[in-house]
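> This is a predicted model, with the sequence first.
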There are 2 protein chains.
Amino acid sequence: MSNYYSSEDKHFVALDCIIFGFDEGELKLLLLKRKFEPALGKWSLMGGFLKNNESLDDGARRILYQLTGLKDIFMEQLYSFGDLSRDPGERTISIAYFALIKVSDNDKKLAKDHGAQWLSIKDLPDLIFDHSQMVKKALAKLRIRSELKPIGFELLNEKFTLPQLQALYEAIHLEPLDKRNFRKKILETGLLDKINEKDRAGSKKGAFLYRFNRIRYEKYAEMGFNFQFKVRRNQLIKANNEI
Amino acid sequence: MSNYYSSEDKHFVALDCIIFGFDEGELKLLLLKRKFEPALGKWSLMGGFLKNNESLDDGARRILYQLTGLKDIFMEQLYSFGDLSRDPGERTISIAYFALIKVSDNDKKLAKDHGAQWLSIKDLPDLIFDHSQMVKKALAKLRIRSELKPIGFELLNEKFTLPQLQALYEAIHLEPLDKRNFRKKILETGLLDKINEKDRAGSKKGAFLYRFNRIRYEKYAEMGFNFQFKVRRNQLIKANNEI
DNA sequence: ACAAAAGTGTTGTGCGTACACCCATGC
DNA sequence: GCATGGGTGTACGCACAACACTTTTGT
């Protein structure tokens, strides 16, 4: 190894994951109680340290895998935090990632072994360090992404009903949406395939199941078509201002 | 100093600055020829290494100051890059920042002393490492910001004409804009104060000078009002998809 | 007088929004 | 038969886009 930069400082680099899930009609975060000092026993995001032999994205994936056992998860880098005193243990830079997982896929037992729990974003406890700030940014980014990319489907089962999808968007934006406008908007993208099958869990009548057609989406996206999953005017603007 | 994390790896953390300026009707980047190995003599962004005793933002400001001699510059963190082989010298994480400066403020002599040059974004050379990718992201972010925050004014003199402002927006978006629609949109924000004075550099008739009223902007922004400097439909959507 | 850029209003339309009733089923 | 949630269409208003002529002044 060369040593061009040997006189420069080196730093601890942490990777913290904001893990979103959708369950019981609520948007939730997977949080855990810290099992080591400093801040032992406090609520915290899932995190770990970057290793020499992995890229940032690989590191984030590894850390997520350690907690949930899941691979091939939607993840995106969010922002880097580096205030001097952000981690009282030692000077540490943290690069935050957010992830979307299907709660049903997540082995809840495994999560419990790690002391992890799904908590609703409507009622979060205080988090250690600057983790609350990270969550705030992650929510803003999620709102942007959900309007422009079909990532809502990362949080739902492969088959889902339109009322379920609407509930998810409402949970993300914390606002009720008009049923007719929502369905119109979503269906006119032409990306949902209706399945001749009903889910009767939510009502007596039962709601038709749909499947997101990823192939078609990617084909059109490659052609430069900009889909929108906008459910409310000005949401994009607000979220972009918060990030 | 404690040593909670002593068994973890430490890393070099670079800060690279994408510095935008507006001059001669074009959007430009301040680039320099590298004066050390690796990649000596190649075009590069302005960068440096994070020190132990500074935050990320402070480090970025310090590095910008070293090149331009400017303080109190608009800067914003962009993204962090950490592929294993991104810097062939040694494994280095880079946190990219973008900055907006008034070219006229920048002491061009000083820039030259550093081998720096303003190059039009329309005709950029290949940059070292992943710096071209950084520039691409910076442009997308600049497009978003320019539609939602009054940052165009960071690139212009305190007094400017509407044709100048329009030329700036056109340079940012690489598209011509309708004069009447642009003026209407910008003036109806109520954030520009007309000065009873003309700039005759651009034409015989001369164009009235305006000043951005930052005080008024901040007052209304605090009240939660979302200004828009949108000049074209769907620009926000495109830029958000690229970032 | 003419070239060159600054300045100025109106109209159409497409998109987002608001809104109310019938349907299918389990109990 | 009734309560519960699923499913459907239309009318209005606003914000964006398109568009052409007059003004000023230096040469």
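Structure's in. What do you need?
> So chain A: which segments form each domain?
In the assignment given by automatic domain parsing, the structural domains of chain A cover A:12-147, A:152-235.
> Which residues are in contact with the residue nearest to A:Leu155 when sequence neighbours are not counted?
Using C-beta to C-beta, 6 or more residues apart in numbering or on different chains and skipping the chain neighbours, the partner closest in space to A:Leu155 is A:Phe22 (4.2 Å). From N, CA and C alone the C-beta is placed, and that goes for glycine too. Contact criterion C-beta atoms under 8 Å, 6 or more residues apart in numbering or on different chains gives A:28, A:103, A:155-156, A:168, A:171 as the residues in contact with A:Phe22.
> rewinding a little: out of the domains of chain A, which one sits most buried?
Mean neighbour count (mean count of other C-beta atoms under 10 Å in any protein chain shown) peaks for domain A:12-147 among these, with a mean of 18.
> Wondering if that domain reaches DNA strand D at all.
No: judged by C-beta under 7 Å from any atom of the strand, domain A:12-147 and DNA strand D are separated, with a smallest distance of 11.0 Å.
> what about that domain and DNA strand C, touching?
No: taking C-beta under 7 Å from any atom of the strand as the criterion, domain A:12-147 and DNA strand C are apart, separated by no less than 9.9 Å.
> tell me the SS of A:Arg211?
The three-state label for A:Arg211, taken from DSSP: H, G, I helix; E, B strand; the rest coil, comes out as strand.
> was I right about it contacting A:Ile195?
Yes: with contacts defined as C-beta atoms under 8 Å, A:Arg211 counts as touching A:Ile195 at a distance of 5.9 Å.
> overlap in contacts of those two?
Listed contacts common to A:Arg211 and A:Ile195 are A:Lys159; contacts here mean C-beta under 8 Å, 6+ apart.
> For chain A, which segments count as strands?
The residue ranges that make up the strands of chain A, judged by DSSP state E, are A:10-23, A:26-33, A:43-44, A:46-49, A:74-81, A:92-100, A:116-120, A:159-161, A:192-199, A:207-212.
> Let's have the ones you listed in CSV, adding mean pLDDT.
Shown next, in CSV, are the strands of chain A (pLDDT from 0 to 100):
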stretch, mean pLDDT
strand A:10-23, 97
strand A:26-33, 93
strand A:43-44, 95
strand A:46-49, 95
strand A:74-81, 97
strand A:92-100, 98
strand A:116-120, 91
strand A:159-161, 96
strand A:192-199, 96
strand A:207-212, 97
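> got a markdown table for those strands, with distance to A:Leu67 too?
Listed next are those as a markdown table, based on distance: least, C-beta to C-beta, whole Å:
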| stretch | distance to A:Leu67 |
| --- | --- |
| strand A:10-23 | 8 |
| strand A:26-33 | 7 |
| strand A:43-44 | 12 |
| strand A:46-49 | 5 |
| strand A:74-81 | 13 |
| strand A:92-100 | 10 |
| strand A:116-120 | 6 |
| strand A:159-161 | 25 |
| strand A:192-199 | 30 |
| strand A:207-212 | 26 |
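> Among those strands, which comes closest to B:Asp130?
Judged by C-beta to C-beta, the one of the strands of chain A that comes nearest to B:Asp130 is strand A:74-81, at 13.7 Å.
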